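# sequence-free structure coming up:
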């Protein structure tokens, strides 16, 4: 019986940890690029896939997003890309801001 409650509680907490939760935080990195949003997203996704094979591009009605997920949260790293007339604006949101995960940030910067 306890195991059932524990599993239900864990699932409830996992549901709270969505990519939307990340965007309520301050981005760890913001920038502009002259590249098209799709070109920039493809560059970042390729580099992030080398770090985490599950990295993927998600298209929303207003943005492109590059997302890295893990087993317990729906988004560990989230790069939101807003298309502009001359390129794109980007914002990186990270669940945990540590030196070990800096490769994601460096990759986002390298693709600018």
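Perfect, I can see it now. Being a predicted model, the structure only gives us computed values, none of them experimental. Numbers count the residues shown, from 1 in each chain.

# Write down the beta-bridge partners of the residue nearest in space to the middle of the chain, one by one.
Residue closest to the mean C-alpha point of the chain, counted by C-alpha atoms, centre = their mean, is residue 78 at 1.2 Å. Beta bridges link residue 78 to residue 67, residue 93 when assigned by DSSP bridges.

# swap in the one 10 residues further on?
Applying DSSP bridges to residue 88 gives these bridge partners: residue 33, residue 83.

# Thought residue 43 was touching it, still the case?
No: using C-beta atoms under 8 Å, residue 88 is not in contact with residue 43; the gap is 11.4 Å. No exception for glycine: its C-beta is placed from N, CA and C like everyone else's.

# More neighbours: these two, which one.
Set residue 88 next to residue 43 and count neighbours by other C-beta atoms under 10 Å: residue 88 wins out with 23 against 18.
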